[in-house]
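In: What follows is a protein structure lacking sequence information:
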C-alpha cells in the first residue's frame, strides 16, 4: 500500500530522519509512527489512571452512612447463613 505525502515539510522531515538514522524512508516512517503510537497509548493509560484515582478520592470523601461491619449490615450469622 502506498502513501502519498503531499506536504513538502512532511516529506523533508521524513527524508531528513531517514538520512540521519541511515534507515530507508519506509523504515524511518514506520519506526516514527510506531514510536508516536506507543507514546500516545501510554499517555492514554496514564489518563485512565488519573481518572480512577479521582474517582477513588471522591468515594473516600463520601460520608459513612452506616458504621456497622458489612456482615452485620447484610445480616449473615457466624456460619454464613442469613440471620
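Out: Everything's here; your move. All of these numbers come straight from a predicted model, not from anything done at the bench.
In: alpha carbons only for contacts and neighbour counts from here, please
Out: Will do.
In: Would you check how far apart the residue most central in space within the chain and residue 52 are?
Out: Nearest to the mean C-alpha position of the chain, by Cα atoms, centre = their mean, lies residue 45 at 1.4 Å. Note on residue 45: its distance to residue 52, by Cα to Cα, to the nearest Å, is 11 Å.
In: lowest average confidence, helix or strand, in the protein?
Out: helix 70-74 (a mean of 84; mean pLDDT, DSSP states H and E).
In: quick one: it to chain centroid distance?
Out: Distance of helix 70-74 from its chain centroid, counting by Cα atoms, centre = their mean, to the nearest Å, is 36 Å.
In: rewinding a little: please give the element, helix or strand, for the residue nearest to the centre of the chain.
Out: helix 25-60 (DSSP states H and E).
In: List the buried residues of that helix.
Out: Residues of helix 25-60 classed as buried by neighbour count (16 or more other Cα atoms under 10 Å): 25, 28, 29.
In: Let me see the mean pLDDT of it.
Out: Taken as a whole, helix 25-60 has a mean pLDDT of 91.
In: Run the chain-centre distance for that helix.
Out: Using Cα atoms, centre = their mean, the offset of helix 25-60 from its chain centre is 4 Å.
In: so who does residue 83 touch?
Out: By Cα atoms under 8 Å, 6 or more residues apart in numbering, residue 83 lies in contact with 75, 76, 77.
In: Over to the last one: give its phi and psi.
Out: The phi/psi pair for residue 77 (degrees, to the nearest 10) reads phi -80, psi 180.
In: Leaving out the residues flanking it, which one is nearest to it?
Out: Distances taken as Cα to Cα, 6 or more residues apart in numbering place residue 83 nearest to residue 77, at 5.3 Å, with adjacent residues excluded.
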